[in-house]
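Q: mind looking at a prediction? Sequence and model below.
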Amino acid sequence: ATPTALMVGTGRGAKLGILIKNGEVLETVNDITTVVFDKTGTITVGKPKVTDIVGDNKHVLQVAATLEEFSEHPLATAIVDEAKDQALFIGQAQDFKAVGGQGVFAKVKGQQAFVGNEKLRHNFDMTQELQQKMASLQDEAKTVVLVGLDQHVIGLIAIQDVPKETSKEALNALKVRGLKTVMLTGDNQRVAQAIANQVGIEQVIAEVTPNDKAKQVKLLQENGKVAFVGDGINDAPALSTAEVGIAMGSGTDIAIDSGGIVLVKNDLRDVDKALALSKKIFDRIK
Ligand code: ADP
Ligand code: MG
């Protein structure tokens with residue numbers, strides 16, 4: 001394509017709220033065969049809310065909030081906000097440690113405690129009843145956080161983050177173009193699958209650690225050129241690895257820096273618009 005055509009394309013994109021960092025990106029967009037999406041904040045709104053608490057509600061929430069006070073994870077914010085809404089006293093924790101893709105652990109009144117997923121449970125025991133509750137909440141597309149204190153899982157907190165209104169339509173438009181769609185998330189398999197069913201994503205790769213997101217993109221690249229759409233710190237390596245990195249405007253600075261395209265309106269339908277724009281320009285030139 002001529003530099004002028006690319007300039008026209010990036011200019012048109014900018015008007016639509018699709019920032020294209022350089023013309024070559026627009027050219028690559030035309031060759032994409034697979035579009036990979038992060039879940040939280042990309043497909044979903046990214047404002048998770050507590051919906052269910054299993055166990056001694058106040059105690060479970062209080063212990064969880066005490067640990068999550070130190071974390072900046074969206075799930076942590078949901079838990080702390082709920083505790084504040086219920087006017088619960090948030091205690092003090094010591095020896096706080098966050099484990100990426102798992103949760104946090106710390107000491108509360110001298111006792112070891114954790115808040116996070118199964119991977120962080122280690123030698124804390126958990127009843128059959130809680131195991132079953134966890135699975136059924138996950139099938140409702142809710143992320144379940146385990147709360148452990150002194151060797152026992154004392155309860156569960158279910159947190160829901162709903163798909164953005166336009167996600168389903170956006171995914172469908174890509175499918176109509178014949179593109180393969182994939183969800184890549186650190187969240188649990190059941191939750192990821194439930195959200196994927198809601199919006200119509202073909203393939204789900206769940207329980208991926210932040211470090212492995214880029215690795216999964218490389219595997220998908222064996223079958224064609226990949227666009228990755230994400231918003232988080234943990235998405236930055238995947239955004240740079242993909243042939244086209246598409247960052248949400250609401251995303252973290254590092255995600256925005258790593259993307260070749262930024263969707264200012266945070267609307268996934270703009271992925272299809274970027275594809276249409278690229279097609280228009282390149283079809284005209286040919
Ligand atoms: P995503 O790919 O959806 O952005 P993350 O890699 O940030 O997911 O987190 C993956 C999983 O790790 C979460 O679904 C949750 O189970 C667990 N987790 C991470 N941080 C926390 C935290 N602060 N509190 C509770 N759970 C957490
Ligand atoms: Mg995210």
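A: Looks like it arrived, so ask away. These numbers come from a predicted model, not from an experiment. Ligands and ions are numbered 1, 2, ... in the order given.
Q: for the residue of the stretch 151-286 of the chain found nearest ligand 1, pull up the helix or strand it's in.
A: With CB to the nearest ligand atom as the measure, Gly186 is the residue of the stretch 151-286 of the chain nearest to ligand 1, at 2.5 Å. Just so you know, the C-beta spots here come from the backbone N, C-alpha and C atoms, and that holds for glycine as well. Using DSSP states H and E, Gly186 is not contained in any helix or strand.
Q: report the contact partners of it.
A: Gly101, Ala206, Glu207, Val208, Thr209, Pro210, Asn234 (CB atoms under 8 Å, 6 or more residues apart in numbering).
Q: hang on, the second one packs against Gln189?
A: What it means is Ala206. Yes. Using CB atoms under 8 Å, Ala206 is in contact with Gln189, at 4.2 Å.
Q: those two - which one has more neighbours?
A: Set side by side, Ala206 and Gln189 show more neighbours around Ala206, with 18 against 13, by other CB atoms under 10 Å.
Q: could you check how far that one is from Glu140?
A: For Ala206, the distance to Glu140 equals 16 Å [CB to CB, to the nearest Å].
Q: please identify the residues of the stretch 151-286 of the chain in proximity to ligand 2?
A: Contact residues, the stretch 151-286 of the chain versus ligand 2 (CB under 5 Å from the ion): Asp231, Gly232.
Q: okay, now the unreliable bits of the stretch 151-286 of the chain?
A: The stretch 151-286 of the chain contains residues with pLDDT under 70 at 284-286.
Q: can you pull out the helices in it?
A: 167-176, 189-199, 213-220, 236-241, 253-258, 269-285 (DSSP state H, counting those that start in this stretch).
Q: buried residues, the last one. List them.
A: For helix 269-285, the neighbour count (16 or more other CB atoms under 10 Å) marks Arg269, Asp270, Val271, Asp272, Lys273, Ala274, Leu275, Leu277, Ser278, Ile281, Phe282 as buried.
Q: how about CSV for the residues you listed, with distance to Glu243 added?
A: Shown next, in CSV, are the buried residues of helix 269-285 (distance: CB to CB, whole Å):
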residue, distance to Glu243
Arg269, 21
Asp270, 18
Val271, 14
Asp272, 17
Lys273, 18
Ala274, 13
Leu275, 13
Leu277, 16
Ser278, 12
Ile281, 17
Phe282, 15
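Q: and of those, the nearest to Ile43?
A: Ile43 has its nearest neighbour among the buried residues of helix 269-285 in Val271, at 11.2 Å by CB to CB.
Q: isn't the closest one up against Ile246?
A: Yes. Contact criterion CB under 8 Å: Val271 and Ile246 qualify, at 6.2 Å.
Q: give me the common contacts of the two.
A: Contacts common to Val271 and Ile246, judged by CB under 8 Å, 6+ apart, are Ala227, Val229, Leu263.
Q: what about Gly200, distance to ligand 2?
A: 19 Å (CB to the ion, to the nearest Å).
Q: what's the burial count for that residue?
A: Neighbour tally, Gly200, other CB under 10 Å: 15.
Q: right, and it touches Leu174 too?
A: No. Between Gly200 and Leu174 there is no contact under CB under 8 Å: 9.6 Å.
Q: shared neighbours, the two?
A: Contacts common to Gly200 and Leu174, judged by CB under 8 Å, 6+ apart, are Thr181.
Q: for ligand 1, what are the nearby residues on the stretch 101-250 of the chain?
A: 101-104, 115-117, 143, 145, 185-187, 210, 232, 234 (CB under 6 Å from any ligand atom).
Q: quick one on the thing from earlier: out of the shared contacts of Val271 and Ile246, who's nearest Ile256?
A: Set against Ile256, the nearest of the shared contacts of Val271 and Ile246 by CB to CB is Leu263 (10.1 Å).
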